[in-house]
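> With the sequence up front, the predicted model follows.
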Amino acid sequence: MGHSVPHTDAEIAAMLDFLGLASLDDLYAHIPDAVRLAGGLDVAPGAAESDVLAEIDALAAANRPAVGGLVSFAGFGAYEHERPAVVPALTMRSEFVTSYTPYQPELSQGVLQALFEYQSMVCALFGLDVANASLYDAASAAVEGLNLAAAATKRRVAWISRAVHPNIREVVRTLTGPRLELREAPLVDGRTEWPDDLGEAAALLVAYPNVLGCLEDVADAARRAHDAGALLVAQADPVAAGLLRSVGSLGADVAVGEGQPFGTPLGFGGPYVGLFATRNAPYVRRWLPGRLVGETVDADNRRAYVLTLSTREQHIRRAEASSNVCTNQTLIAIAAAIHLAWLGPHGLRELALRCARGARYTREQLLRIPGVEPAVDAPTLYEFALRTPGPAAVVLERLAEEGYLGGVDLAPHYPELGDAILLAVTETRTRAEVDDFASTFEKALR
Amino acid sequence: MGHSVPHTDAEIAAMLDFLGLASLDDLYAHIPDAVRLAGGLDVAPGAAESDVLAEIDALAAANRPAVGGLVSFAGFGAYEHERPAVVPALTMRSEFVTSYTPYQPELSQGVLQALFEYQSMVCALFGLDVANASLYDAASAAVEGLNLAAAATKRRVAWISRAVHPNIREVVRTLTGPRLELREAPLVDGRTEWPDDLGEAAALLVAYPNVLGCLEDVADAARRAHDAGALLVAQADPVAAGLLRSVGSLGADVAVGEGQPFGTPLGFGGPYVGLFATRNAPYVRRWLPGRLVGETVDADNRRAYVLTLSTREQHIRRAEASSNVCTNQTLIAIAAAIHLAWLGPHGLRELALRCARGARYTREQLLRIPGVEPAVDAPTLYEFALRTPGPAAVVLERLAEEGYLGGVDLAPHYPELGDAILLAVTETRTRAEVDDFASTFEKALR
Amino acid sequence: MTRKPQPVLTGPSGGQAWSASVIGRHHEPVVYELSSPGRRSWSFRTTGMPEWDATDLVPADHLADEPPALPEVSERDLVAHVTRLTQRNYSVDLGAYPLGSCTMKYNPKLCDVASSVPGLTGVHPAQPGEQTQGWLRLLVELEDALCRITGMAAATLQPAAGAQGELTGLLLMRAWHDAAGSPRTKVLIPDSAHGTNPASVTLAGYQTVEVPSDRRGLVDLDALRTLVDDDVAGLMLTNPNTLGLFETDIVEIARLVHEAGGLLYYDGANLNAILGEVRPGDMGFDIVHMNLHKTFAVPHGGGGPGAGPVAVAPRLVEFLPGPRPQLDPETNRYTLTTPPRSIGRIHGWHGNALALARAYAYIRANGGDGLQLVAQTAVLNARYLKERVRDVFDLPYDEPCMHEFVASAANVKRATGVKALDLAKRLIEEGFHPPTMYFPLIVDEALMVEPTETESPQTVEAMAQAFERIVTEAEADGGAAARAAPRTTPVSRVDEVQAAKKLRLRWTPDEERSTAARVPSPLH
Amino acid sequence: MTRKPQPVLTGPSGGQAWSASVIGRHHEPVVYELSSPGRRSWSFRTTGMPEWDATDLVPADHLADEPPALPEVSERDLVAHVTRLTQRNYSVDLGAYPLGSCTMKYNPKLCDVASSVPGLTGVHPAQPGEQTQGWLRLLVELEDALCRITGMAAATLQPAAGAQGELTGLLLMRAWHDAAGSPRTKVLIPDSAHGTNPASVTLAGYQTVEVPSDRRGLVDLDALRTLVDDDVAGLMLTNPNTLGLFETDIVEIARLVHEAGGLLYYDGANLNAILGEVRPGDMGFDIVHMNLHKTFAVPHGGGGPGAGPVAVAPRLVEFLPGPRPQLDPETNRYTLTTPPRSIGRIHGWHGNALALARAYAYIRANGGDGLQLVAQTAVLNARYLKERVRDVFDLPYDEPCMHEFVASAANVKRATGVKALDLAKRLIEEGFHPPTMYFPLIVDEALMVEPTETESPQTVEAMAQAFERIVTEAEADGGAAARAAPRTTPVSRVDEVQAAKKLRLRWTPDEERSTAARVPSPLH
Ligand SMILES: Cc1ncc(COP(=O)(O)O)c(C=O)c1O
Ligand SMILES: Cc1ncc(COP(=O)(O)O)c(C=O)c1O
């Protein structure tokens, strides 16, 4: 049995005595017998701290991690990046880790100000005016982006580029299914081909760069959206934002994104953090999803922060709320803010540049291999798809035997591309690793 | 180049301008050219954080660690113990890690109170009245114990049991050499044989259990010391203190010890922490070495803590100081205090018991192996010496090939014991590990 | 003395200095105000890659003129800034946090270690199953334990928080009715329910119908009878409910809903009260979401991340979100499969995996026996505290409470004009985080107190005495102290109205000077 | 209202409750006061060992009746207690700490990571060299870097702190004279020296002879000439000295000492000022100790651990402590060897190895170029600050300062009666840690200020303004505010005299009740 409970037997007895009860069991005396569990839980008995950690170690040893195990070229929405020592050191501070949502602002200025800074930086990344204090992940941010557009436009059709990550498209379908009508815009040469007639669209959802790493024409999408009376929701890669024009400046109304690259480990997919920003439009006060931190003053007129506009939220509007987000990903958002401050504008640019250089180099090396070809033609930044002679799954398996996570097999997601692998290269890969990888790749094709 | 310096070029220029200087070089203009270094340091240029960590990883990979690598039975003054998660989590709090010696008590109540609690627990461990706020390690504590005895008795002869750790004896010899006359008391069957005539002894130094794991007769040593007008300095194992009578209750005047087992990793031997306690005797005010935290009140009569009796110390007494200890091992002492509070009396007893059980079991398994014999006869607790047929170094090398750190070769230290290995078993070793070890041991002898 | 005024290095160029800690009640600049152009922390590893220019790599029309306007700070200033921010925040690791409905209990440090093992943190979510057997096994075993705890058949671990779990559960409800060929439009929710419940109902495309509470604070059975019809998809219930009361009529409630063809949804935020004592499955619930960040010791992180798994009765398993980690009994390997009639994906990957690893470690450390003791002690502490404040506050729903209870400060307000809010702020000065205020909505001047099992009896007693003290004080001083509270926090009472009126949601450069003006000296 | 007085769970049985954080100025109980008999945190892994009783394992006359009287606390209470304690402490990570002579600079977080790599932390110090090649190499490379930085031939890394380094250096001095057949009895030390210098001299069996400073604050050359004789073993010098001044006559000083057959000892606590600019070896020093916990970013840990390596000139290498990690050029393996005429071991093992790993990482990260910039900027900051307070304080030794300077508040004391101590306490309220006070002893009302290179120019400017502000205030209010300071800290001015008079060095059970009485409410 663990020691979560401080009470000694004597103390429990004294408390029961005070309550006039004979046993702990009596605390549940008013509950109908019919529903009470006899004999306790059929769950293994508690284990010592060290035993539990030994179990965890054994589970961990049954993985072949992409970081610290294999040499990885996998991206597809989750990226290996360097994590400066300051990020975990500060993020693990227990005042952040073990506090609740900052409902009592006087006791929560730390978290509130950190989120205010996060909001400010997210606005800067996307070239927009208002950011919320985080959503669950890129997928939930996309969902909320479409919901916001639907509420703001009072329409219910949404166009989604096929080059939005398939998992995100699927989440959007699951979670907006009962309320929105979703249509998919097809791809031509790795970029979205929007239909000329968008109908009564509430929103267009485009990714920049898109899931295949290609640079979409966001400005064109924005024009089309606005012409049709719709909002453009852009899923923007925040690392790429170090080099690319901001989606806000290109005309996007809402930016959503995945904040994982900033200080969060791959962690088998979570917890990550959904970035969300928009213009300072009238719909903000009513429809912006998620928590918002605002600046104000205290009783002595000193600067202070507080959760604001909570009139939008469930605990006030209940059934009329447009979003049910309550607990979000605050700690991951704070980690991202710390990482972004560590990078600064020039570090972020350098990061994006290094990713792009590594990708260019890797792509060139792999394209020298006979039979390897670009899967699509559009310009890319640090992620790209290659066509392989023969099933990608087999190639990837052989690469894994040699210690490489060679990318992600695109066949289940984009069968139209044939045998294709999606590779991402970040600042973590060295030239020597890439050279070895390329020659292993060549062998794996034989 | 690293980024330890926040100053931008523009800021440096502005500051130099304010100072009327043309360059950073000018800051050193008053230094004679003869001694100035031209061309900077012949030290490799700075590296990025990740590059440094990659280097460190490579160095670490060139070790075969006793924890996480080999299965270890090594003790000999440094022990593998479980380290509860709370200890690193709390000890790494930057308010502890990055503060200085608490010279300004109003800004340092945290460290001061933690040390006050540490002092209280060290007194409890040893059954004594006064403990200091830490010394460097067991060896330096032993040195200071003898210095204290010499100062208190105004004598200069010290008897040291041969069963005190050889490294400690050597440190004592090095550091007290110019001032004390050291004599070694020999061993009979693993225990110290004190001479009948101790002469004008200032102190006797005994270890409990001693370096061979044997239980000395501390009460007898105390009687002999006191009869001769000397103090008994006992190097006591604080883990064993969970089961054994306290050295204070057995008559020791000064207890010294190694606090590493409580929350500090093996770390190739440091930083550890020297425990030091003594009776509430008149010599305390004048001669107690190291820092001392005392309880007092603040201006509002609230309880507060402060470094006290600093009149004993170098920054006041300068040349008359009896100890030069300034920086000590505060953070390690705090870790020990946290670990001890986590253990409590019953946890500490259980810890000692588990070590003793493991040792008994291991000893029994190994003694079944033909040719393996006890190296000495005295009762032991969780560390013991075995005689091997053939050189211990060879046996240990073979064991290492099979993944075991089989103990420590005693030959360089106690040639009189023949081919012998010193083994320690702590609560970390499982029966399965010991069974495998025993059969590997047997094979290694062939 | 005469001094040259020489502040050569301050001014609108940025790079504010700051040194103060909360030892003292100092102002803390925004990180942008610490920024100085050209200052930096960053570095990157040496890779040997060709050093192409950005213009070689990015088509001109995509290339930004300038990188995003992030702050430029030294590592030293960044660390000090954030460390000072942390000291401006209360947390469970500092003391009691009896926030009702939120279960702010101590999270064992062991779980921090478990969730930072490199073999878990380094796994990419798209790695093939053969490379992630350890993770898949962990998830399958956690699912199994959660099912045993709730008495359900299977679970999805994807939802990232309770509210996402609710939506998932309601989509399952919807899929079930759809599959049965009888789509419905309404979901019943008690008036005491948490606000996410109706919001989730809306997002699932249903209409909320409120069920009133009776005088006991329980579902009004008669009202329920009149509301249940064949357009009701189901009933969402928290049990114990948000008044901390166990719905003792649960068997009858379940019967009513089921007979009308509806499903029973369990909001498991309050599972902490009943571990090992009662199981939602045994009460007749069909769908259960759990807040692992309440009952299973995932720390709240200032507002997340959490995890909100949803467990279901056998008849709903085929609708669960996919892909689901499962053990293939034939190969004895773990795989990811999507149920035949799955509602689809809820999360971009597999859920908040590292949070799930924490819950796994917590359940393993406590075990079945330990979890039961957790529940019992949580109830014991709440029951004790409730009895201790019986004479201090009104207790409008005075049934035996479970892990929390709702008091009303209406008596204090009547007597002194002091509101629950003021008492809460005054309690801060006594060293405690305030309880949840003004929730549930059906209680006037509500204070919803949940001590949790990790607080010692002495701490619970100290809370009782603090409540007593501040109410006695209010009676004596007419509430002056309470209305002035808190005076010991980094900031005094915060103006929430101005925040909403003059929206300032991000830092802008013009603010720097005005703030500097507002804060002439760090000492207040 | 009437309330039953029901504190059923308090009293002398222990287990005090506490919840307050330093958000507010609360009292914090001693951990023993949180103790309740039978409460526990501990657990141990399952080993499968036979469960013998203690009496089976330990001879009766050795077995204690009871285990040591340690506190019995829950993990939750322990964590909260220690977390609250940390919030009662200032630190570099919270802000500037311009403590002269102590070099409280920011320690990069990278070094924390470097020193916690399992392949380093898990190594047993008695493992054979074949198993510890990584560690030995790290130590050899660190030694090499330190020698390049100081201009010396070899070094020992064993000393655990500066003072132990001093003693080691003096024992080397002694061994050298002994080996030369001419033992000596005296060591010269300037009157401005750090107190550990004379204490170490005494421990090394020498007598201290004080060398006066001249009006410039430098070694009085004439006095030195009269003191140097053939009974002088050597001269210990800090350069820059503790006034922050560079001993510009160093060449002559070295000549004088060497000509008399003495050795020159360098107290390297102030190495931060001269990295890459001047090397002790080039100045003629024979022995150098370094405080890695000053210059090389080993954090101070509230008073240690540090590391105090000693580097020596070629003629002293054979006396160095053993065993020394070295590269065997033939086998290209690292070994441990003891020099032929070694003075012996200084440390139980190899020194504070994990602290050494931090210094290694720091040196690698900064590199030769970076270290030089560190020194230059440390001097720049000090020089700037000194000029900025020129009109605020007396500057008794007004030579160009290096990384620190010593001001005197004698002017303020004369004008207002306010002492350096009061100003220091008042500075705390401004958000800064005070400078070192009353040291060196030769300066009246000394304030020894060392801003370090890690503070931004803005922070240094803010320090200057704070000094100005508090002195102006003292002139205006006659020192009332300063004498009442600090009012923003967890405790107000601490009574040091009572601490020494009524010695209380450990907690005792009788204290519990008296303290409880002394602290009626957590809010002051
Ligand atoms: C009763 C109840 N239901 C649902 C929720 C929503 O959970 P989450 O905040 O994880 O979305 C909460 C948490 O605040 C709750 O207390
Ligand atoms: C000038 C000087 N010498 C020696 C020392 C002693 O170093 P340590 O505290 O590491 O023993 C110090 C540190 O306080 C110092 O400042």
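Okay, I see it. Ligands and ions are numbered 1, 2, ... in the order given.
> Give the ranges of residues in the chain that sit below the confidence cut-off.
All of this is about chain A. Scanning chain A for pLDDT under 70 picks out A:1-2, A:312-319.
> try again with chain C
C:1-25, C:511-524.
> what ranges do the strands span in the stretch 351-500 of chain C?
C:405-408, C:436-437, C:446-449 (DSSP state E, counting those that start in this stretch).
> and the first one, what does it pack onto?
Contact analysis of strand C:405-408 by 3 or more Cβ pairs under 8 Å, 6 or more residues apart in numbering or on different chains; DSSP states H and E lists helix C:353-388, strand C:446-449 as its packing neighbours. Bear in mind the C-beta positions are built from the backbone N, C-alpha and C, glycine included.
> Tell me which residues of the longest one come out buried.
Within helix C:353-388, the residues that qualify as buried by neighbour count (16 or more other Cβ atoms under 10 Å in any protein chain shown) are C:353-388.
> For the residue lying closest to A:Gln260 once chain neighbours are set aside, grab phi and psi.
Of all residues not flanking A:Gln260 in the chain, A:Tyr272 sits nearest, at 4.2 Å (Cβ to Cβ, 6 or more residues apart in numbering or on different chains). Per-residue torsions, A:Tyr272: phi -110, psi -160 (degrees, to the nearest 10).
> Return the distance of the biggest helix by length in chain A from the chain's centre.
Using DSSP state H, we find that the single longest helix of chain A is helix A:330-367. Remark: helix A:330-367 is offset 16 Å from the chain centroid, using Cα atoms, centre = their mean, to the nearest Å.
> Now A:Glu184: phi and psi?
phi -100, psi 130.
> one step back: want to throw the helices and strands packed on strand C:405-408 into CSV with distance to D:Ser213?
Putting the helices and strands packed on strand C:405-408 into CSV (distance: least, Cβ to Cβ, whole Å) gives the following:
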stretch, distance to D:Ser213
helix C:353-388, 60
strand C:446-449, 67
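> C:Arg414: which of those is closest?
Checking those against C:Arg414 by Cβ to Cβ gives strand C:446-449 as the closest, at 14.9 Å.
> how far out from the middle of the chain is stretch A:48-57?
30 Å.
> and it, is it in reach of chain D?
Yes - for stretch A:48-57, a contact with chain D is found by Cβ under 8 Å from any Cβ of the partner chain, at A:48-51, A:54.
> Which strands and helices lie in contact with the helix or strand where C:Met173 lies?
In this assignment (DSSP states H and E), C:Met173 forms part of helix C:162-179. Contact partners of helix C:162-179 among helices and strands, from 3+ Cβ pairs under 8 Å, 6+ apart: helix A:166-176, helix C:196-203, strand C:232-237, strand C:263-268, strand C:287-290, strand C:310-312.
> ok, the helix or strand just after it near ligand 1 or not?
Remark: after helix C:162-179, the chain's next helix or strand is strand C:186-190, criterion DSSP H and E. No - using Cβ under 6 Å from any ligand atom, strand C:186-190 stays clear of ligand 1, coming no nearer than 11.0 Å.
> any residue of stretch A:196-206 up close to chain C?
No - Stretch A:196-206 stays clear of chain C (Cβ under 8 Å from any Cβ), getting no nearer than 13.7 Å.
> ugh, typo on my part, it should be stretch A:364-379
Yes - applying Cβ under 8 Å from any Cβ, one finds stretch A:364-379 touching chain C at A:Pro379.
> And the residue nearest to A:Gln260, how far from D:Ser91?
32 Å (Cβ to Cβ, to the nearest Å).
> swap in A:Ser140?
38 Å.
> before we move on, back to that, most tightly packed of the helices and strands packed on helix C:162-179?
strand C:310-312 (a mean of 32; mean count of other Cβ atoms under 10 Å in any protein chain shown).
> Tell me how far that strand lies from the chain's centre.
19 Å.
> Check stretch A:398-410 too.
24 Å.
> What of stretch C:76-93?
21 Å.
> is any part of that stretch close to chain B?
Yes - counting by Cβ under 8 Å from any Cβ, chain B has neighbours in stretch C:76-93: C:76-77, C:79, C:83.
> Output those of the buried residues of helix C:353-388 also counted as contacts of chain D.
C:Arg388.
> isn't C:Ser74 right next to C:Arg40, touching?
Yes - checked against Cβ atoms under 8 Å, the pair C:Ser74 and C:Arg40 is within contact range at 7.4 Å.
> These two - which one has more neighbours?
C:Ser74 (25 against 20; other Cβ atoms under 10 Å in any protein chain shown).
> Return the list of helices and strands in contact with the longest helix of chain A.
Under the contact rule (3+ Cβ pairs under 8 Å, 6+ apart), helix A:330-367 is packed against helix A:86-91, helix A:94-97, helix A:109-126, strand A:383-387, strand A:420-424, helix A:431-444, helix C:54-57, helix C:75-86.
> most packed of the ones you listed?
Of all these, as judged by average neighbours under mean count of other Cβ under 10 Å, the leader is helix A:109-126 with a mean of 28.
> Is chain C within reach of it?
Yes - using Cβ under 8 Å from any Cβ, we find that helix A:109-126 touches chain C at A:109-111, A:113-117, A:119-121, A:123-125.
> which neighbours does the helix or strand just after that helix have in its sheet, and in what orientation?
As assigned by DSSP H and E, the chain's next helix or strand after helix A:109-126 is strand A:130-131. Sheet pairing for strand A:130-131, assigned by DSSP bridges, gives strand A:274-278 (antiparallel).
> Name the surrounding residues that touch whichever helix or strand comes after the partner strand.
On the C-terminal side of strand A:274-278, the nearest following helix or strand under DSSP H and E is helix A:283-287. Helix A:283-287 is contacted from outside by A:130, A:147-148, A:151-152, A:278, A:309, A:312, A:322, C:503, using Cβ atoms under 8 Å, 6 or more residues apart in numbering or on different chains.
> and C:Pro128, how many residues sit next to it?
Using other Cβ under 10 Å, C:Pro128 has 16 other residues around it.
> what sits against it?
A:396-397, A:400.
> Out of those residues, the closest to A:Arg183 would be?
A:Arg183 lies nearest to A:Leu396 out of those, by Cβ to Cβ, at 32.4 Å.
> so what's the closest residue to ligand 2 within the stretch 251-400 of chain A closest to, chain neighbours aside?
Shortest the stretch 251-400 of chain A-to-ligand 2 distance, computed as Cβ to the nearest ligand atom: residue-wise this is A:Trp342, at 31.4 Å. The shortest distance from A:Trp342 to any non-neighbouring residue, by Cβ to Cβ, 6+ apart, is to C:Ser41 (4.5 Å).
> show me the contacts for the one you found.
A:84, A:86, A:341-344, A:347, B:3, C:73-75, C:78.
> which element is A:Ile160 on?
Using DSSP H and E, A:Ile160 falls in strand A:157-161.
> I'd like the distance from that strand to the chain centre, please.
Distance, centroid of strand A:157-161 to centroid of chain: 20 Å (Cα atoms, centre = their mean).
> same deal with stretch C:257-274?
On Cα atoms, centre = their mean, the centre of stretch C:257-274 falls 20 Å from that of its chain.
> Stretch C:432-444 now?
16 Å.
> buried set for stretch C:318-338?
C:319-326, C:334-335.
> Please save the CA atoms from it in PDB.
Once non-C-alpha atoms are left out, stretch C:318-338 reads as follows in PDB (Å, rounded to 0.1, in the frame of the first residue of the first chain):
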ATOM      1  CA  GLU C 318     -17.500  -0.900 -30.700                       C
ATOM      2  CA  PHE C 319     -18.000   2.900 -30.900                       C
ATOM      3  CA  LEU C 320     -14.900   3.900 -29.100                       C
ATOM      4  CA  PRO C 321     -12.500   6.300 -30.700                       C
ATOM      5  CA  GLY C 322      -9.600   4.800 -32.500                       C
ATOM      6  CA  PRO C 323      -6.900   3.800 -32.800                       C
ATOM      7  CA  ARG C 324      -6.900   1.900 -29.500                       C
ATOM      8  CA  PRO C 325      -3.900   0.200 -28.000                       C
ATOM      9  CA  GLN C 326      -4.800  -3.500 -27.500                       C
ATOM     10  CA  LEU C 327      -3.100  -6.700 -26.700                       C
ATOM     11  CA  ASP C 328      -3.300  -9.200 -29.500                       C
ATOM     12  CA  PRO C 329      -3.700 -12.500 -27.500                       C
ATOM     13  CA  GLU C 330      -2.400 -14.600 -30.400                       C
ATOM     14  CA  THR C 331       0.900 -12.900 -31.000                       C
ATOM     15  CA  ASN C 332       1.100 -11.500 -27.400                       C
ATOM     16  CA  ARG C 333       2.000  -8.200 -29.000                       C
ATOM     17  CA  TYR C 334       0.400  -4.800 -28.500                       C
ATOM     18  CA  THR C 335      -1.300  -3.200 -31.500                       C
ATOM     19  CA  LEU C 336      -3.300  -0.200 -32.400                       C
ATOM     20  CA  THR C 337      -6.700  -1.000 -33.800                       C
ATOM     21  CA  THR C 338      -9.800   1.100 -34.600                       C
END
